[in-house]
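Student: When you get a sec, could you give me coordinates for this:
(2 chains)
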Amino acid sequence: MKWLVSAAREIFGLFVEDLGFTLCILAWVALAGLLLRGLPVADPWRAAIFLAGCLALLVENVVRAARGRRILKSS
Amino acid sequence: MLSLAHAGTAIASAFIGSLVEAVEALTIVLAVGTVRGWRPALAGTAAGVAFLALLVLAFGPLLARMPIEVLQLAVGVLLLLFGMRWLRKAILRAAGVIALHDEAAVFDKECAALRASEPQRGWDAIAVITAFKAVVLEGLEVVFIVLAVGAAGGLLLPASVGALAACVLVAVAGGVVYRPLARIPENTLKFAVGVLLSAFGVFWVGEGLGFHWPGDDLAILGIAALFLAAAAAAAPLARKETVG
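Tutor: So this is what the prediction gives:
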């Protein structure tokens, strides 16, 4: 039973490490599905906006995580 | 028709991703073999491989029955979460924000844990389960990478070939050097796989949502290049944040 719980935790950990980051990605995918499809823009732009959002989420989260570490170290 | 760029990217992603996971599984199996003997280590490994094969046989055909848009979106979202998690961690490690993964330290820790528990008569259940667990948990990641990279684009065969080649290579290397493959540049590999899997994820989510990618399959290479550029820019920014 203990082994199953640890296996389930490992599988969950494959996709989720920073819960906030995971939720932001899921929210961006949902937003893209709901709003981007309805935007009056040419088709390649929808894909480009979606990609730009993913890149921005990544960079922002990495910088925030590094800042969080610095604050943790100094406190 | 299979795009060479698409198939090549699938093989490379599956190969590098599986290489990282196989090295991690090998470390634990080597620890079990060194401390508790090779019979339980190999038995646990064989049982783990058989269990993974059963999983693939059970769930593989189910994927083929899913509508393609649903499959693209589901696989894309999972790839995006998995790939961006790997990439985020690799950037933070490259920036020195978190410590690098150390196979030799993992091996020593596992050996110490195995020495602390008494070997059992007959079948050494603890040793068998330790090897089985390592193979199944790391193998699940390999299976996921192969299915995720291959299922949505009809590339299961090239992805499987890439993964199998990586596992065979690691098993042979482990058998030859007989110790953890600590000199493999794990973070560089994770960085590369994170870039490729994130690119696949973005591509498939876009396809699943009905967006049109310029250049179709070739767009994956462009997306990967942009992820690489963003990750390369993020690492010094993160380093600056930790010192500044």
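Student: Quick check: longest helix in chain A by residues?
Tutor: helix A:43-74 (DSSP state H).
Student: packing partners for the longest helix anywhere in chain B?
Tutor: For chain B, the helix with the greatest residue count under DSSP H is helix B:4-36. Packing partners of helix B:4-36 (3 or more CB pairs under 8 Å, 6 or more residues apart in numbering or on different chains; DSSP states H and E): helix B:38-65, helix B:103-116, helix B:125-150, helix B:156-177, helix B:186-208, helix B:219-243. For glycine as for every other residue, the C-beta is placed from the backbone atoms N, C-alpha and C.
Student: quick one: it to chain centroid distance?
Tutor: Counting by CA atoms, centre = their mean, to the nearest Å, helix B:4-36 is centred 6 Å from the centre of its parent chain.
Student: repeat for stretch B:55-69
Tutor: With CA atoms, centre = their mean, you get 20 Å for stretch B:55-69.
Student: Output that stretch in CSV, but only the C-alpha positions, please.
Tutor: Output of stretch B:55-69 as CSV, limited to C-alpha atoms (Å, rounded to 0.1, in the frame of the first residue of the first chain):
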residue,chain,number,x,y,z
LEU,B,55,1.0,-1.7,-19.4
VAL,B,56,1.9,-0.7,-23.0
LEU,B,57,-0.1,-3.7,-24.4
ALA,B,58,-3.1,-2.8,-22.2
PHE,B,59,-3.2,1.0,-22.8
GLY,B,60,-1.5,1.3,-26.3
PRO,B,61,-4.6,0.1,-28.3
LEU,B,62,-6.9,2.4,-26.2
LEU,B,63,-5.0,5.4,-27.6
ALA,B,64,-5.6,4.3,-31.2
ARG,B,65,-9.4,4.4,-30.5
MET,B,66,-9.4,8.1,-29.3
PRO,B,67,-10.5,10.8,-31.7
ILE,B,68,-7.4,12.5,-33.1
GLU,B,69,-8.3,16.0,-31.8
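Student: neighbours of B:V195, just the number please.
Tutor: By other CB atoms under 10 Å in any protein chain shown, 26 other residues sit near B:V195.
Student: That one contacts B:I223, correct?
Tutor: No. Judged on CB atoms under 8 Å, B:V195 makes no contact with B:I223 at a distance of 9.3 Å.
Student: on that earlier part again, indicate which one of the helices and strands packed on helix B:4-36 is closest to A:L4.
Tutor: Nearest to A:L4, of all the helices and strands packed on helix B:4-36, is helix B:125-150, at 10.7 Å by CB to CB.
Student: among the helices and strands packed on helix B:4-36, which is nearest A:A8?
Tutor: Closest among the helices and strands packed on helix B:4-36, using CB to CB: helix B:125-150, at 10.8 Å.
Student: Briefly note if the closest one comes near chain A.
Tutor: Yes. Contact of helix B:125-150 with chain A (CB under 8 Å from any CB of the partner chain) involves B:I129, B:K133, B:V136, B:L137, B:L140, B:E141, B:F144.
Student: any idea which element the nearest residue in space to the second one that is not next to it in sequence lies in?
Tutor: Distances taken as CB to CB, 6 or more residues apart in numbering or on different chains put A:W3 closest to B:K133, at 6.7 Å, once the chain neighbours are dropped. Under the criterion DSSP states H and E, the helix or strand holding A:W3 is helix A:2-15.
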